[in-house]
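Visitor: Requesting a structural model of the entry that follows:
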Amino acid sequence: MNQSAIHTNASLARVLTHAIEKSDKPRHQIASEAGVHRETLLKIMRGERPISLERAMLIFEACGACPHAAILLTIAGEEMLACEWMHRDMGAFLDEFMIALPGQLDRTLGRRVAELRPRWAGGTSQLVAKLLARHIDDLANRDIAMALSR
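Guide: Reported below is the predicted structural model:
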């Protein structure tokens, strides 16, 4: 394994360990649901055994964590956010968002997808975050207005 793969495996092991420790299930049950032996799960948690993304997904799912969000954030170097969000609505949102985004981009942009530039990604992510913040504010304001009108 090269250095990058070793670092990624170690990071993924830490995030998986967090998911396992925060789960309300015992380790032997998580191992069983993920289709791994209990000793193998311990080796994965200690970073002694490389883990495939498929196996990591199964372990996250067995823990009740959001697998896509946890893996994506871990690979992106956002280990702390992966741990923080995996059992929250933000993790579930990110899971659904990342599953839906490629298809939506393809349908919406069509052939124009070739015109996208990588340097636009940061600004686009800021626009999406601001749009979501405005949407949340609008919903909160509607709830307040409805409560006041009663």
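Visitor: Pretty sure residue 63 sits against residue 30.
Guide: Yes: using Cβ atoms under 8 Å, residue 63 is in contact with residue 30, at 5.9 Å. C-beta here means a position set from N, CA and C on the backbone, and glycine is covered the same way.
Visitor: Can you classify residue 141 by secondary structure?
Guide: At residue 141 the chain is in helix, as set by DSSP: H, G, I helix; E, B strand; the rest coil.
Visitor: Give me the number of neighbouring residues for it.
Guide: 10 (other Cβ atoms under 10 Å).
Visitor: shared neighbours of residue 63 and residue 30, anything?
Guide: 20, 23 (Cβ atoms under 8 Å, 6 or more residues apart in numbering).
Visitor: what sits against residue 109?
Guide: By Cβ under 8 Å, 6+ apart, the contact set of residue 109 is residue 116.
Visitor: Next, work out how far apart it and residue 99 are.
Guide: In this structure, residue 109 lies at 18 Å from residue 99, with Cβ to Cβ, to the nearest Å as the measure.
Visitor: again, but for residue 18
Guide: For residue 18, the distance to residue 99 (Cβ to Cβ) stands at 22 Å.
Visitor: which of these two has more neighbours?
Guide: Taking residue 18 and residue 99 together and counting by other Cβ under 10 Å, residue 18 has the greater number of neighbours (21 against 10).
Visitor: Not counting whatever helix or strand that one lives in itself, show me its contacts.
Guide: Residue 18 belongs to helix 3-22 when elements are defined using DSSP states H and E. Applying Cβ under 8 Å, 6+ apart, the contact partners of helix 3-22 are 1, 27, 30, 41, 44-47, 50-51, 56, 59-60, 63, 65, 70-71, 73-75, 77, 79, 82-83, 86-87.
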